[in-house]
Structure formats: structure tokens, C-alpha cells
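Student: With the sequence up front, the predicted model follows.
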Amino acid sequence: MENTINTTSSTRGYNILVLTKSVFWALSVSLICILLFAFIVKFTALPEAAIMPINQVIKFLSIFVGCWVASKKIKSNGWLWGLIIGAIYTLLAFVVFSILDGEFRLTLSLLNDLVFGAVAGLISGIIAFNLRK
């Protein structure tokens, strides 16, 4: 039987491990890219209007990497795995970057980011899982 999201205890543990590893990779890519981008912003005359789109590209790229990692171990339901990875990544990225910023602000932008992350995950999951076939 292919590994899918199901409820048997051994598979559930395996799925949680794959999910944790995938989200960890996504967060790692995000942290590295944000640090590099901050360095670029500090030493160049990058227009402020470019910051938000580049942040969105970094989020999408990070979620795609997480989906790619998951697609190595899980062979089906890429859309669902991607959706879950994108949503969890978004929530954990919010926590990590809020800690780094020194304050937590629950605003409507978090909900927008959550929807973006879930949709980016869904798309990334479909792409990553189909590229692995």
C-alpha cells in the first residue's frame, strides 16, 4: 500500500515525521532567504515596493521545498500534503518571525498569509508530487 495520510498508528507516526521534516526544510529555506534578502536591502537601493512581492516569492519557494521533501517519501495526495505543509509552515513562520521581531501581532494579514500559504502549498504539492512520478 502506498504511503498516504491515513489513521493506522505506524503510518501516522511516519506521516508526522515526514511532515515535520518537510516543514523544517521550508522554514530553513525561508530563514536563509530572508537573511540574504535583508543583507541585500541594507546595502542596495532596493525600492520599498519590491519588498512584499519578494517576501511572497520566498514564502512560495520555501513551501515548494517543503513539498519537494515530502514527495520523496509520500507518493500520493500531493495536493493535500501541500495544503497541510503550507498551512503549518505559515503558522510556524509567523511564530518564528514574531519571536525574532520581539512581538506577536495577530492581524488580518496573518489570515491572508495563511490562505496564501495553503494555496501555495496546494499548488506546490501538485507540482512537486507530479514531478517525482
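Tutor: Arrived safely.

Student: And the biggest helix by length in the chain, what does it pack against?
Tutor: Secondary structure of the chain read by DSSP state H shows that its longest helix is helix 9-43. On a contact count with 3 or more Cβ pairs under 8 Å, 6 or more residues apart in numbering; DSSP states H and E, helix 9-43 meets helix 51-73, helix 78-101. For glycine as for every other residue, the C-beta is placed from the backbone atoms N, C-alpha and C.

Student: tell me the angle the shortest one makes with helix 9-43.
Tutor: Translated: helix 51-73. For helix 51-73 against helix 9-43, the angle by axes from the mean of the first three to the mean of the last three Cα atoms, to 10 degrees is 150 degrees.

Student: per-residue confidence for the nearest residue to V96 once chain neighbours are set aside?
Tutor: Excluding the flanking residues, the one nearest V96 by Cβ to Cβ, 6 or more residues apart in numbering is L27, at 6.4 Å. With respect to pLDDT, L27 scores 96.

Student: gap between L27 and K21?
Tutor: The gap separating L27 from K21 is 11 Å, by Cβ to Cβ, to the nearest Å.

Student: who's more crowded, the two?
Tutor: Using other Cβ atoms under 10 Å, the more surrounded residue of L27 and K21 is L27, with 20 against 15.

Student: Cool, thanks, talk later.
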